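> Only the shape, not the letters, is given here:
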């Protein structure tokens with residue numbers, strides 16, 4: 001198994017790099033691991049009849065690897081400029097373009113990746129404000145557009161004024177290293193998603209009818225319309241809250 005770590009920080013040996021190393025150290029001893037520090041490369045867009053040599057080198061490394069680890073700090077609430085420039089310049093190598101300008105997955109389709117970032121603020125503040133959200137959104141937009149499959153994400157919080165990574169976060173990186181090395185190769189989670197949806201709906205229906213029985217006492221004869229209307233309203237509120245949590249609040253990284 002070949003792993004490629006792309007480090008898009010301004011320092012080769014900062015806290016962001018330390019978290020990346022913790023993931024790499026947890027990989028199997030027989031794994032082939034390579035780290036590309038993007039600051040070492042003179043990256044610029046390809047020009048007609050003059051492709052960028054640095055992109056040629058990085059593209060070869062990416063093509064030869066089975067798994068990518070994308071690691072870059074969050075600055076100003078978004079992906080670091082080093083990594084963003086790399087993604088921008090690699091655009092036409094990552095995807096295929098149609099005549100209408102639409103992007104389609106290219107030769108990297110079905111490879112896997114792990115996203116990693118760091119930020120100055122603490123865990124709770126990041127959960128509330130979602131300062132790292134846009135970083136992950138940008139990484140996901142680029143790599144899923146190229147056809148890659150996401151395995152997970154990591155965020156190291158509270159880096160401002162810190163001299164070293166926190167032990168708890170280093171342990172989390174170690175767990176990620178073990179997880180990506182032993183991940184299930186099956187990527188089709190359709191059945192799992194249907195089962196989870198069934199469980200969620202069954203649970204919400206149980207809560208809804210429980211609230212009706214306890215709060216409104218509507219299961220008496222002659223109260224059909226009250227039962228119906230109250231069920232619809234309560235079910236709608238619960239479902240809306242659940243969807244909001246999993247698509248917005250749960251999206252916040254700690």
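Yes, it's here. Here the structure is a predicted model, which is why all the values come from computation and not from measurement.

> Going by C-alpha atoms from here, please, whenever you check contacts or count neighbours.
Fine.

> residue ranges for the strands of this structure, please.
Secondary structure of the chain (DSSP state E): strands at 2-7, 32-37, 67-71, 74-75, 78-79, 95-97, 103-105, 112-118, 149-156.

> To residue 86, which of the ones you listed lies closest?
When the strands of the chain are compared by C-alpha to C-alpha, strand 2-7 sits nearest residue 86, at 9.9 Å.

> can you put the strands of the chain in JSON lines and add distance to residue 223 and mean pLDDT?
Formatted as JSON lines, the strands of the chain follow (distance: least, C-alpha to C-alpha, whole Å; pLDDT from 0 to 100):
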{"stretch": "strand 2-7", "distance to residue 223": "63", "mean pLDDT": "97"}
{"stretch": "strand 32-37", "distance to residue 223": "67", "mean pLDDT": "97"}
{"stretch": "strand 67-71", "distance to residue 223": "58", "mean pLDDT": "97"}
{"stretch": "strand 74-75", "distance to residue 223": "56", "mean pLDDT": "96"}
{"stretch": "strand 78-79", "distance to residue 223": "54", "mean pLDDT": "95"}
{"stretch": "strand 95-97", "distance to residue 223": "59", "mean pLDDT": "87"}
{"stretch": "strand 103-105", "distance to residue 223": "55", "mean pLDDT": "86"}
{"stretch": "strand 112-118", "distance to residue 223": "53", "mean pLDDT": "97"}
{"stretch": "strand 149-156", "distance to residue 223": "49", "mean pLDDT": "94"}
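
> beta partners for residue 67?
Assessed by DSSP bridges, residue 67 has beta-bridge partners residue 3, residue 112.

> Quick check: buried residues in stretch 87-101?
Buried residues in stretch 87-101, counted by 16 or more other C-alpha atoms under 10 Å: 87, 89-91, 93-96.

> With distance to residue 29 as added columns, please give the residues you listed in TSV.
Putting the buried residues of stretch 87-101 into TSV (distance: C-alpha to C-alpha, whole Å) gives the following:
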residue	distance to residue 29
87	30
89	33
90	31
91	33
93	31
94	30
95	32
96	35
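
> Pick the one among those residues closest to residue 232.
Relative to residue 232, the closest of the buried residues of stretch 87-101 is residue 95; by C-alpha to C-alpha it sits at 44.7 Å.

> Any chance of the backbone angles for the nearest residue to that closest one once chain neighbours are set aside?
Distances taken as C-alpha to C-alpha, 6 or more residues apart in numbering place residue 106 nearest to residue 95, at 4.5 Å, with adjacent residues excluded. For residue 106, the backbone dihedrals (degrees, to the nearest 10) come out as phi -100, psi -140.

> Over to residue 159?
When read as degrees, to the nearest 10, the backbone of residue 159 gives phi -80, psi -10.

> Relative to residue 121, how far out is it?
From residue 159 over to residue 121 the distance is 7 Å, taken as C-alpha to C-alpha, to the nearest Å.

> returning to what we had before: dump the strands of the chain into a markdown table; add distance to residue 16 as well.
As requested, these are exported to a markdown table (distance: least, C-alpha to C-alpha, whole Å):
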| stretch | distance to residue 16 |
| --- | --- |
| strand 2-7 | 8 |
| strand 32-37 | 12 |
| strand 67-71 | 7 |
| strand 74-75 | 10 |
| strand 78-79 | 13 |
| strand 95-97 | 28 |
| strand 103-105 | 29 |
| strand 112-118 | 6 |
| strand 149-156 | 8 |
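
> Mind checking the ones you listed for the one nearest to residue 230?
Residue 230 lies closest to strand 149-156 among these, at 39.4 Å (C-alpha to C-alpha).
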